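*Asks:* Curious how this folds, go ahead:
(chains A, B and C, ligands or ions: 3)
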Amino acid sequence: MHPDFDIIIIGAGPAGMSAAIEAAKHGASVCILDEQASGGGQIYRNVSNSKQDQVDILGKDYLAGRQYVDGLRHDRILHRAGVTVWKVDKAGTVVFSDAGRAEQIRGRHIILASGAMERAVPLPGWTLPGVLTAGAAQILMKSGSIVTRDAVLVGSGPLLYLVATQLLAAGAAPKALVETQTRRDLIAALPHLAKALRDWKQLFKGVRMIAALKWAGVPRFKAASDIAIEGEENAEAVRFRAGGKDHCIDTNIVLLHQGVVPNTQISRSLGLEHHYDHTQRCFHPVIDEFGQASHPMFSIAGDGAGIGGAKVAALSGRICALNALARIKKISGGERDKRVRRLETSKRTELSIRPFLDTLYPPPQSVLLPQDETIICRCEEVTAGDIRRYAKLGCKGPNQTKSFGRSGMGPCQGRFCGLTVTEILAAETGETQDAVGSYRIRAPLKPVTLAELAALAETNEKEAAE
Amino acid sequence: MAIIIIGGGVVGLSVAYGLLKQGKDVVVLDGADDDFRASRGNFGLVWVQGKGENAPHYAVWSRRSSELWTDFADDLLKETGVDVSFSKIGGVDYFIDEVELAERIKSLNSLRDALNDDYPFEVLDHDELKKRVPEIGSKVVGGVYSPMDGHVNPLSLLRALSIAVRNAGGTIMTGVRVVDTQAKDRDFSAVLADGTRIVGEGLVLAAGLGAVGLGKKLGFQVPIRPQQGQVLITEKLPFFLHYPSGTLRQVNEGGVQIGASKAEIGLDDVEDIATSAGLAQHAIDVFPHLGKAKLVRSWAALRIMSPDGLPIYQRSPKVLGAAFMTCHSGITLAAAHARLMPDWILERNTAPDVSQFSEGRFRV
Amino acid sequence: MFESFDKSDPGRTLSFTYAGKSISAKPGMSVAAALLTHGVTAFRGTPVSGAARGPFCMMGACYDCLVLIDGVTVQACLTPVHEGLVVERVPITSEDA
Ligand SMILES: Cc1cc2nc3c(=O)[nH]c(=O)nc-3n(C[C@H](O)[C@H](O)[C@H](O)COP(=O)(O)OP(=O)(O)OC[C@H]3O[C@@H](n4cnc5c(N)ncnc54)[C@H](O)[C@@H]3O)c2cc1C
Ligand SMILES: Cc1cc2nc3c(=O)[nH]c(=O)nc-3n(C[C@H](O)[C@H](O)[C@H](O)COP(=O)(O)OP(=O)(O)OC[C@H]3O[C@@H](n4cnc5c(N)ncnc54)[C@H](O)[C@@H]3O)c2cc1C
Ligand code: FES
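*Replies:* Numbers count the residues shown, from 1 in each chain, chains lettered A, B, ... in the order given. Ligands and ions are numbered 1, 2, ... in the order given. Next up is the predicted model:
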């Protein structure tokens, strides 16, 4: 199979879209693939179709995404929307499903820009219907014009406040915010404040959001602990401790959030190198200053390479595009270096707030290392205690606990339990997270029907016959 | 002193479990999380039909193990609380090619002759098969049923064995790599990567593909090679498939397993589209309704193959008290390994005669 | 409670069925979003314990929103509604199937 495109980009968020635009500008043919019905990624989801009342609620930052989506309309860019990538190989082949039909394309270089997902928040009761992520509530606003009324938001991080204020703007003030960050986190974060002030606009936005919640009288409980969601067939209440007292708030909707972590399914499936980031408490794929991953075929852009937010994602997308262009000899190495240097400076400024935020809003120990009875693998209903028991039976890594107890074998392919299993095993064995490692990810990255897979046998055979 | 067992896959653990039952102490040394482990990637059949086409002794050995399996599984349940989901309702192999079916029948007939008719199986045409398995598609020309076959959950088996060995007082060290062995008058030591020495009074090399490096020094030929096998598994489906087959079975948790391919590509355990597409097509040919089932995962694992595909059981001609065991049907043979092989390892005269499985057969 | 704030074209709605019940929705919505606005939060029982589950991530990552359409299990959060769509619960036992 000869290459169909110079560059294939997986993910049409700010990272993927700006990579596509940059690459096309320099004469490369680009195919950009995304599961969503339109370009935008998580932050700019559905932005090109958004109605005025959505824009009013979601704010100016959201609308900024339109420039990228518009930029995809280019002769050399093919945007395949609504397609799910489920296998990538080292020869540059990308296999994806479009409305139940599988297709394979080949690129000379691949940019992975599959973004982030919200960190799992394994608490007692988190699998109950009516418990969603804060991001899910935001997605409902962005693509369904739907608000969650009387929700209780639980967790910590900027996105928690963003979603709360967006709900507020939509006239659906949350019932309460149950926040886990503590005074100690604040003290730990203070040394990073001076650097964060370089991005004072961003900081100011945060302060304004918190003020708005206060102004609206939304109760905030800080340093909450012992959080549990109660209910039989649906969430009914959130119980927790804060300020030395036990609390219980009745609600049918609980929105969880503990920050976002890179979605590394594709980079893991390729066996690319990863390392554990102790500040962000998650694995990052190893990349160099050009976004180049440990195999020459792949660059990684955006939150999928480490959490930096939308602006950093867009900059890193352009950097990866330049790297790809140099790799396929569309531009010289010198030109790449020159252009990347400029982008790198802006990227550093945009990143200056991260250490402050990451330290101020860490996932609490109770989320990283849940109590024994808590389900950690939602698909196979495996508990934290099960993992600890397997560790006592000698399982030193996630692939062993997986074969002992099925955690990570369900349809989500370990997306939601992977990091938790690694953390628990690291704590149980006294090893580092890097030494413990992570699940071996394999195709299909997302389930496909057997009929769809079998149809590829025919195309393969036909090709061989030619 | 304990007997050192290098390798904590299904072969090493079955033997360790058996030795403990004989009152022996064992220490099992097992490798890293991402080692090649056939015991973690196999198809879970306790299978007899068709095995040992030109080697009736292998057919007999497989069947002997299969007969020990019910009891073996019961013991594991009693001792560990783990139900390994062993079922021996017989197996059906499905054929969509008349020629292949005819070849299978011929081979089974010759085995039956060689074994004095003590080799039960039934050939079923499409209509007869449809009565037993109504879901088969029109492409299925027929099948062979044999009551000798069964299946098990191989991952539960691995966990059960690991618990059973510990419960019986055995030691399992995981995450360790044996880099060298030393032996002197039945005093053995295994040297680990970090320099630790594990001492013992005997040594069993059951390290799967890892045996190649260690075996030569102990005087074994170790004529084994990796053979890749790919397997697919679907989402959990309502239970429909009673009989396992060599290529399709519904596991106790509900997923349908489809497999396994064979490829001679060295130490490569990466799954590929062409192979998995072929497996998917096979599943749909046999059970058309599976076309709508979602594939959740595919994987590739490495079989440990000897030149003739049969097990190797060899005592070291050079080092007294050292034994080497490997096979490409470690699930089927787990019961025999646990129940019968300890006597062979302990060099007792009650040991089964496994001389036909020695390395001598490969000498030219 | 999940509520629509979409005031545009109140007339433009379509309908589909879920487990035999008729559900109205706006074009462009996902099946999951439509069901949530109708107070349906539990879409299925798990094949492991039968526990009730519904949408969690809304972005195609968690697979808790699975429903059956045309005999295939699909993620309700990634499936747009259309007129006449027939959505069923995913069978977990052979009696359901
Ligand atoms: C639910 C959620 C909501 C967020 N909301 C905000 C917000 O409001 N404001 C903010 O500043 N930050 C938000 N973030 C943080 C966000 O990660 C970054 O701001 C930014 O969107 C990162 O850009 P990106 O291009 O790296 O990735 P993303 O924007 O995440 O884009 C990745 C894209 O890849 C696609 N994709 C992934 N895997 C596949 C596959 N296998 N096949 C096909 N397509 C695939 C996804 O559909 C997605 O569109 C949110 C994060 C999440 C998870
Ligand atoms: C795709 C496939 C399908 C199969 N289907 C079936 C089936 O249906 N029925 C059946 O009966 N059989 C089947 N098999 C075969 C069966 O899986 C194997 O026979 C069996 O698992 C072999 O077990 P083992 O313990 O010898 O090897 P392994 O499982 O590979 O274990 C070897 C162990 O040794 C350890 N090790 C290696 N080197 C060292 C070292 N230097 N130091 C310490 N530890 C070391 C490793 O960590 C590993 O755990 C199948 C195999 C494959 C690949
Ligand atoms: S709600 Fe998570 S996949 Fe649909």
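*Asks:* Show me where chain B dips below the pLDDT cut-off.
*Replies:* B:364 (pLDDT under 70).
*Asks:* Would you mind giving the domain segments of it?
*Replies:* B:3-50+B:155-223+B:308-362, B:91-146, B:225-305 (automatic domain parsing).
*Asks:* who wins for proximity to ligand 1 among the ones you listed?
*Replies:* domain B:225-305 (14.9 Å; Cβ to the nearest ligand atom). (Glycine included, C-beta is placed from N, CA and C.)
*Asks:* anything in that closest one near chain A?
*Replies:* Yes: for domain B:225-305 and chain A, the contact criterion (Cβ under 8 Å from any Cβ of the partner chain) is met by B:232, B:234-235, B:253, B:258, B:270-274, B:276-278, B:280-281, B:283-284, B:290-299.
*Asks:* what about the residue in the stretch 101-250 of chain A that ligand 2 sits nearest to, distance to residue B:270?
*Replies:* Closest contact between the stretch 101-250 of chain A and ligand 2, by Cβ to the nearest ligand atom, is at residue A:102 (23.6 Å). As judged by Cβ to Cβ, to the nearest Å, residue A:102 and residue B:270 stand 19 Å apart.
*Asks:* again with residue A:40
*Replies:* 33 Å.
*Asks:* Residue B:49 - how many residues pack around it?
*Replies:* Using other Cβ atoms under 10 Å in any protein chain shown, residue B:49 is surrounded by 26 other residues.
*Asks:* What sits closest to it if chain neighbours are left out?
*Replies:* residue B:146 (4.0 Å; Cβ to Cβ, 6 or more residues apart in numbering or on different chains).
*Asks:* That neighbour bridge partners, please.
*Replies:* residue B:91 (DSSP bridges).
*Asks:* Okay, and the spatially closest residue to residue B:246 that is not a sequence neighbour sits in which element?
*Replies:* Using Cβ to Cβ, 6+ apart and skipping the chain neighbours, the partner closest in space to residue B:246 is residue B:93 (5.1 Å). Element membership of residue B:93 [criterion: DSSP states H and E] is strand B:91-95.
*Asks:* How about residues contacting that strand?
*Replies:* For strand B:91-95, the surrounding residues in contact (Cβ atoms under 8 Å, 6 or more residues apart in numbering or on different chains) are B:45, B:47, B:49-50, B:101, B:104, B:124, B:129, B:132-133, B:136, B:140-146, B:148-151, B:243-248, B:286.
*Asks:* 6 Å instead?
*Replies:* B:101, B:140-146, B:149, B:243-246, B:286 (Cβ atoms under 6 Å, 6 or more residues apart in numbering or on different chains).
*Asks:* ok, now stretch B:348-364?
*Replies:* By Cβ under 6 Å, 6+ apart, stretch B:348-364 touches B:57, B:221, B:223, B:307, B:311-314, B:340, B:343-344.
*Asks:* now do stretch B:181-194
*Replies:* Residues contacting stretch B:181-194 (Cβ under 6 Å, 6+ apart): B:4, B:29, B:176-180, B:197-201, B:203, B:319-321.
*Asks:* Tell me where the stretch 251-364 of chain B has helices.
*Replies:* Ranges of helices in the stretch 251-364 of chain B, per DSSP state H, counting those that start in this stretch, are B:273-286, B:334-339, B:341-345.
*Asks:* Residue A:299: which of these is closest?
*Replies:* helix B:273-286 (23.1 Å; Cβ to Cβ).
*Asks:* Which strands or helices does the closest one pack on?
*Replies:* helix A:450-465, strand B:225-236 (3 or more Cβ pairs under 6 Å, 6 or more residues apart in numbering or on different chains; DSSP states H and E).
*Asks:* show me the contacts for residue A:416.
*Replies:* Contacts of residue A:416 (Cβ under 6 Å, 6+ apart): A:120, A:378, C:62.
*Asks:* Kindly provide the distance from the residue nearest to residue B:246 to chain A.
*Replies:* Distance of residue B:93 to chain A, given as Cβ to the nearest Cβ, to the nearest Å: 20 Å.
*Asks:* ranking the helices of the stretch 251-364 of chain B by burial, who's on top?
*Replies:* helix B:334-339 (a mean of 27; mean count of other Cβ atoms under 10 Å in any protein chain shown).
*Asks:* who touches that one?
*Replies:* Contacts for helix B:334-339 (Cβ under 6 Å, 6+ apart): B:10, B:14-15, B:17-18, B:64-65, B:68-69, B:72.
*Asks:* Of these - the most surrounded one?
*Replies:* residue B:14 (31 neighbours).
*Asks:* That one: what secondary structure?
*Replies:* Using DSSP: H, G, I helix; E, B strand; the rest coil, the structure places residue B:14 in helix.
*Asks:* Which strand or helix spans residue 36?
*Replies:* No chain specified, so I'll use chain A. Going by DSSP H and E, residue A:36 is not part of any helix or strand.
*Asks:* think we crossed wires, I meant chain C
*Replies:* Using DSSP H and E, the element containing residue C:36 is helix C:31-37.
*Asks:* Please see if that helix touches chain A.
*Replies:* Yes: remark: helix C:31-37 sits within contact range of chain A at C:33, C:37, by Cβ under 6 Å from any Cβ of the partner chain.
*Asks:* who touches whichever residue of the stretch 101-250 of chain A sits closest to ligand 3 in this structure?
*Replies:* Here the stretch 101-250 of chain A gets closest to ligand 3 at one residue, residue A:136, 6.7 Å apart by Cβ to the nearest ligand atom. Counting by Cβ under 6 Å, 6+ apart, residue A:136 touches C:57-58.
*Asks:* Could you give the backbone dihedrals for it?
*Replies:* Backbone geometry at residue A:136, expressed as degrees, to the nearest 10, gives phi -60, psi -40.
*Asks:* What are the buried residues along whichever strand or helix holds residue A:53?
*Replies:* Assigned by DSSP H and E, residue A:53 belongs to helix A:52-58. For helix A:52-58, burial by neighbour count (16 or more other Cβ atoms under 10 Å in any protein chain shown) applies to A:54, A:57-58.
*Asks:* Quick one: closest of the helices of the stretch 251-364 of chain B to residue A:361.
*Replies:* Using Cβ to Cβ, those put helix B:273-286 closest to residue A:361, at 41.3 Å.
*Asks:* Is any residue of the closest one near ligand 2?
*Replies:* No: using Cβ under 6 Å from any ligand atom, we find that helix B:273-286 stays clear of ligand 2, coming within 11.0 Å at best.
*Asks:* got the contact list for that helix?
*Replies:* Here helix B:273-286 has contacts from A:450, A:453-454, A:456-457, A:460, B:94, B:96, B:139-140, B:230, B:232, B:258, B:261, B:290-291, B:298, using Cβ under 6 Å, 6+ apart.
*Asks:* who in the stretch 351-466 of chain A is up against chain B?
*Replies:* A:393-394, A:396-397, A:399-400, A:403-404, A:411, A:437, A:442-444, A:447-451, A:453-454, A:456-457, A:460.
*Asks:* contacting residues around stretch A:145-155?
*Replies:* A:134, A:137, A:140, A:160, A:164, A:170, A:172, A:174-178, A:238, A:249, A:251, A:253-258, C:1-6, C:33, C:37.
*Asks:* try stretch A:270-281
*Replies:* A:283-286, A:293-295, A:307, A:358, A:363, A:433-434.
*Asks:* okay, and for chain A, where does confidence drop off?
*Replies:* In chain A (pLDDT under 70), the answer is A:1, A:458-466.
*Asks:* Note down every partner strand of the lengthiest strand in it and its orientation.
*Replies:* The longest strand of chain A (DSSP state E) is strand A:101-112. Its sheet considered, strand A:101-112 pairs with strand A:5-10 (parallel), strand A:93-98 (antiparallel), strand A:298-300 (parallel) by DSSP bridges.
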